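Asks: Fold the stuff below for me.
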Amino acid sequence: MNLAENYLIGMDLGTTNVKALLMDEDGNVVARASRPNHMIFPGRGMAEQSADEWWDNAKEVFKEITSQTDVEIIKRVRGISISSQTVTMLPVDKEGNPLRNAIIWMDARSAKEMHYISLMLGHDHYVDIIGGQPDAAFLPNKILWYKMQETEKYLKTEKILQASSYINYRLTGKMSMDLDQAVRTQCMDINTLKWSKEIAGVVGVDFDKIFPEVSAVTDVIGTVTPEAAAETGLVSGIPVAAGASDALTSVYATGLTQLGEACESTGTSSLVFVGSAEKSANNVPVVTKPYSVGGVPYIFDGPITTSGASIKWYLDTLGQPEIDKAAALGKDVYTYLNEVALEVPAGSNGTMFFPYLMGERAPLWNSHAKGMFIGMSLDTTRADMLRSIFEGTAFAVRHVIETVKASGGKAESLRITGGGAKSRTWSMIKASILNIPVMILDERSGDVPFGDALIAGLASGVYTDITKTIEKLVHVKEIIQPVESWSAVYDKLYPYYIDMYQDLDKDLLRYRNTWLELSK
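Replies: Okay, here's the model as predicted:
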C-alpha cells in the first residue's frame, strides 16, 4: 500500500447528521462515515438537540473512519477541523457538562426578547453594532430567555458553547470558539471584533466571562488527548483547529474563487453565498463577511431556514402514499419524489408554496412568517403540491440573490453542494428560476467535511495557499442550464411570490398573536 505523507480529517456537525471524511493531501478520500442527529421540539417554535448525542455520534463516526483504514494512516493524520450548524446555545458547567439540551439556530422562542433588546438599543444602532438584521436565531435574545426562564441553570453556567466547540472540548479538553461563529452570534461588535459591552449590558451578562476565548479559524486550539483517543480510535497528539461554521466551510468546499460566482449549501436549511468586490453597508437585509480567497474579498451570506426541511415536512405529514409507492417500486423515496415533481408543469398548476415553516432568516428576518400553500383548488393534486415545494424553496433562493444584487453582489452561476445537490429536479428548477447555470460538484467537492479538511490542512501547514489548493481539488461534475420554457413561466410568477408575502405579512402577525392568545 502506497501511503501519502499527510492525511486530514474533516467533520461537520449538522442539524441532520454528523459526518466526516479522512483524505490524503491530494484530496483522495480514504474513509467516510455519518450518524443521524435527532431533533427535539419541546414546544411551539422551539428546536433543541442533545449534546450527549452529538458526542456519541462523533465518537462512532471517528471509530468507523479509523476502522476502515490502516493504523499507519491514522498515525499520519496531521490535523482535524470540525464545523457545525450555527448559531447554538449550549450552556455547560465548570466540568464541561451540558446543563440542558442545546437550543439550536432553528429555535424561535426568544422573539419577544429579541424585540426587547432591539428596543433598548434602538434598531438602527443595534444593526450598526452587529452588522446585520436582528433575528430570533441569534444569541443575545436566547441568552436573555435562558437567564430569565431557567435561572437556576443559568447560575451554574460556566460557558456557552457552539456545537463544534463542544466536540472540540471533548477532543482536546479546551473550551474555545472560532472567530467565524463568534461574529455570527450577534453578540460581537462587528466594527471592533470584540464582545459588545452595550449588548451585554442590555442582556445583563458578561460576555467576556460566559464565552470562551476566541480563536482564528485556522488556529490550533489543542491536540487530541489520550482519553479522547481511547474513545474515538484516533491517536493522541493530533492538532485540532478552531474550525468554523458550516456556512464558511461550505464556501471553501464549493470552491468559490471568482467574482460572479454564487454557491448554495443545501440540506435541512440553505446557505446562499455571493461574492462581492466591496464590503456592504450594515443595514441591508443581507450583509457581507470577509472571505479573501482568490479574487473574492467579501461574500454576502444569506441563510434560508427550511429548504430541505420543507420537503422532509411533506414526507412526514403528507407523504405516506409516496413512501409506499417508492417502496413498491424498489426506489429511494427522494428519487421517486423527483420523478413525481417532473410530471407537473412549471408553475405547479397554479399552486404556490411559501417555505416559512419556522419563520425566515434571509432576506426577511421575520420570526412570525408562516408557511403557506396558495392557489389550491379541488383539482390540485399531491404532485402539484410537491412541485410547488421545490419551486417555493427555489423562489426563496432567488429572493436572497436578488436582494444581494441590489446591494452590489454579482451572481452569474450557482454552485450547489449538500444533500439537496443530489436532486437533479430541484437543480433544474433552481437554474430555471434564477436564469443562471447550476454547477453540480463531484462527490467529494462541495461536501462540508471536505471544506473542514481544507481548514485542517491550513491549520497544520499541509497547505499554504488555499486559493491554489481549492483550484486543484474542487471539481465540477455537471452543469445544468435553465429550461427556457420554465424560466419564462417563473419570471412571470416571481413578482407574485414577493407581493403575496408582503401583502399578507401584517395579517400573519395579527393571526399569530390571536392564535397564541387562543391557545393559552
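Asks: From here on, just use CA atoms for contacts and neighbour counts.
Replies: OK.
Asks: average pLDDT across stretch 91-104?
Replies: Averaging pLDDT along stretch 91-104 yields 98.
Asks: mind listing what's buried in that stretch?
Replies: 91-93, 96, 98-104 (16 or more other CA atoms under 10 Å).
Asks: Then stretch 331-342?
Replies: Under 16+ other CA under 10 Å, the buried positions of stretch 331-342 are 333-334, 336-338, 340-342.
Asks: What is the burial count for residue 11?
Replies: 30 (other CA atoms under 10 Å).
Asks: pLDDT at it, what is it?
Replies: pLDDT, residue 11: 98.
Asks: Which secondary structure elements does the helix or strand harbouring residue 198 sit against?
Replies: Residue 198 belongs to helix 197-203 when assigned by DSSP states H and E. Applying 3 or more CA pairs under 8 Å, 6 or more residues apart in numbering; DSSP states H and E, one finds that helix 197-203 makes contact with helix 111-121, helix 139-149.
Asks: Any idea which helix or strand in the chain has the lowest mean pLDDT?
Replies: Least confident element among the helices and strands of the chain, by mean pLDDT, DSSP states H and E: strand 288-293 (a mean of 84).
Asks: can you pull the alpha-carbon coordinates of it into PDB?
Replies: Coordinates of each C-alpha in strand 288-293 appear next as PDB, following Å, rounded to 0.1, in the frame of the first residue of the first chain:
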ATOM      1  CA  THR A 288     -21.000  40.800   3.500                       C
ATOM      2  CA  LYS A 289     -18.400  39.000   5.600                       C
ATOM      3  CA  PRO A 290     -14.700  38.900   4.900                       C
ATOM      4  CA  TYR A 291     -13.600  35.900   2.700                       C
ATOM      5  CA  SER A 292     -10.300  36.800   0.900                       C
ATOM      6  CA  VAL A 293     -10.000  33.600  -1.300                       C
END
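Asks: Sheet-wise, list the partners of the helix or strand following that strand with their directions.
Replies: Following strand 288-293 in sequence order, the next helix or strand is strand 296-304 (DSSP H and E). Applying DSSP bridges to the sheet, strand 296-304 is found paired with strand 270-276 (antiparallel), strand 288-293 (antiparallel).
Asks: Among the buried residues of stretch 331-342, name the ones in helices.
Replies: Counting by DSSP state H, the part of those found in helices is 333-334, 336-338, 340-342.
Asks: Nearest to residue 5 among those?
Replies: When those are ranked by distance to residue 5 (CA to CA), residue 334 comes first, at 39.7 Å.
Asks: Look up how far residue 144 lies from that closest one.
Replies: Going from residue 334 to residue 144 by CA to CA, to the nearest Å gives 40 Å.
Asks: Repeat that for residue 210.
Replies: For residue 210, the distance to residue 144 - CA to CA - is 13 Å.
Asks: out of the two, which sits in the more crowded spot?
Replies: The residue with more neighbours, out of residue 210 and residue 144, is residue 144; 22 against 15, by other CA under 10 Å.
Asks: which helix of the protein spans the most residues?
Replies: helix 484-518.
Asks: burial measure for residue 122, as a count.
Replies: 12.
Asks: would you turn the helices and strands packed on helix 197-203 into a markdown table with distance to residue 467 and mean pLDDT?
Replies: Shown next, in a markdown table, are the helices and strands packed on helix 197-203 (distance: least, CA to CA, whole Å; pLDDT from 0 to 100):
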| stretch | distance to residue 467 | mean pLDDT |
| --- | --- | --- |
| helix 111-121 | 39 | 96 |
| helix 139-149 | 33 | 98 |
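Asks: Tell me which of those sits nearest to residue 402.
Replies: helix 111-121 (26.6 Å).
Asks: and the helix or strand just after that closest one with helix 111-121, angle?
Replies: Of the helices and strands lying after helix 111-121 in sequence (DSSP H and E), the nearest is helix 123-130. For helix 123-130 against helix 111-121, the angle by axes from the mean of the first three to the mean of the last three CA atoms, to 10 degrees is 100 degrees.
Asks: related to what we said a few turns ago, out of the buried residues of stretch 331-342, who's nearest residue 130?
Replies: residue 334 (39.0 Å).
Asks: Disregarding flanking residues, what is the spatial nearest neighbour of that closest one?
Replies: Nearest non-adjacent residue to residue 334, counting by CA to CA, 6 or more residues apart in numbering: residue 423, 7.9 Å away.
Asks: coming back round to it: can you tell me which of the helices and strands packed on helix 197-203 is most buried?
Replies: Highest mean neighbour count of the helices and strands packed on helix 197-203: helix 139-149, a mean of 21 (counted as mean count of other CA atoms under 10 Å).
Asks: On the three-state scheme, the closest residue in space to residue 337 that isn't next to it in sequence is what?
Replies: Nearest non-adjacent residue to residue 337, counting by CA to CA, 6+ apart: residue 322, 7.3 Å away. When classified by DSSP: H, G, I helix; E, B strand; the rest coil, residue 322 comes out as helix.
Asks: From residue 485, how far out is residue 322?
Replies: In terms of CA to CA, residue 322 sits 28 Å off from residue 485.
Asks: who's more crowded, these two?
Replies: Comparing residue 322 with residue 485 by neighbour count (other CA under 10 Å), the higher total belongs to residue 322, at 18 against 11.
Asks: which residues sit in contact with that one?
Replies: By CA atoms under 8 Å, 6 or more residues apart in numbering, the contact set of residue 322 is 315, 333, 336-337.
Asks: Mind putting the residues you listed into JSON lines with pLDDT and distance to residue 252?
Replies: Below are the contacts of residue 322 laid out as JSON lines (pLDDT from 0 to 100; distance: CA to CA, whole Å):
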{"residue": "315", "pLDDT": "96", "distance to residue 252": "32"}
{"residue": "333", "pLDDT": "96", "distance to residue 252": "31"}
{"residue": "336", "pLDDT": "97", "distance to residue 252": "32"}
{"residue": "337", "pLDDT": "97", "distance to residue 252": "30"}
